[in-house]
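J.: sequence and predicted model, in that order:
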Amino acid sequence: MMFDTADTIVLYEELAFQDVLPLRWQNQPLEPATAAALAERNLQVLQAWDALEDHGLVEKPDENAPLAADIQRLDRKMTLLLGLVGQLLALNRPRPAPVPLRFNARGAIWRAAEAPPPPGAQGLLEIYLHDCVAQPLRLAGEVTAVTPNREVKVRFAPLDDALSAVIAKIAFRRHRRQIAGRHGPKRKS
């Protein structure tokens, strides 16, 4: 793993999301409207992925929500269906190999599996967030640094406020889960 295991994951002085995910860099000149054109679709990709993330199941049905158990059963069935569709899509559209990745609304850093793009290269970073989400998150940016061990650092073109807010929320939620996972449940004496 290329990243340290500190509690706080930061990139460009902001909290960042960290995981091992498939990604692809595509060299192409940055057009001023590229980031704006991608904003709506990226927002939909993030919302779909966020809906698939497990935010904790309610184990005990709420007396004020008599349909909670039915909704949970439907949710499990939809998750299974989406998983099957994702597997079919993966067979028809192979994804790149997963790599350690850290990103937020300002940029990303990852270790290139092959020859990295050179500093100054402009292009699109495609991040495949989940097997069940067919479309990748596509973020326009410029390579700002490449280390000798192929770590690539990219600064994204300014993102739409709504998209930035969703990425920040996801990074915060992941950070909170990682902290809770490291410290574990407290035992009562």
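T.: Great, that's in hand. Residues are numbered from 1 along each chain as shown.

J.: CA only for contacts and neighbour counts going forward, please
T.: OK.

J.: what about the helices in the protein?
T.: 34-52, 68-92, 161-183 (DSSP state H).

J.: for residue 92, see how far away residue 73 is.
T.: Using Cα to Cα, to the nearest Å, we find residue 73 at a distance of 29 Å from residue 92.

J.: residue 38 too?
T.: 24 Å.

J.: between those two, who's got more neighbours?
T.: Neighbours were counted for residue 38 and for residue 92 using other Cα atoms under 10 Å; residue 38 has more, 16 against 9.

J.: quick one: the more buried one and residue 136 touch, right?
T.: No. Using Cα atoms under 8 Å, residue 38 makes no contact with residue 136, being 11.0 Å away.

J.: check the spatially most central residue of the chain and give its pLDDT.
T.: For the chain, the residue sitting closest to the mean C-alpha position, by Cα atoms, centre = their mean, is residue 129 at 4.8 Å. At residue 129, the pLDDT value in this model is 91.

J.: show me what contacts it?
T.: Counting by Cα atoms under 8 Å, 6 or more residues apart in numbering, residue 129 touches 21, 22, 49, 136, 137.

J.: let's see that with 6 Å instead.
T.: By Cα atoms under 6 Å, 6 or more residues apart in numbering, residue 129 lies in contact with nothing.

J.: and it, how far is that from residue 174?
T.: 13 Å.

J.: residue 20 too?
T.: In terms of Cα to Cα, residue 20 sits 13 Å off from residue 174.

J.: so where is the protein shaky, pLDDT-wise?
T.: Scanning the chain for pLDDT under 70 picks out 1-8, 35, 54-65, 79-80, 82-84, 86-87, 89-91, 182-189.

J.: next, count neighbours for the closest residue to residue 105 other than its chain neighbours.
T.: Using Cα to Cα, 6 or more residues apart in numbering and skipping residues adjacent in sequence, the residue nearest residue 105 is residue 164, 5.2 Å away. Here the number of neighbours of residue 164 (other Cα under 10 Å) works out to 16.
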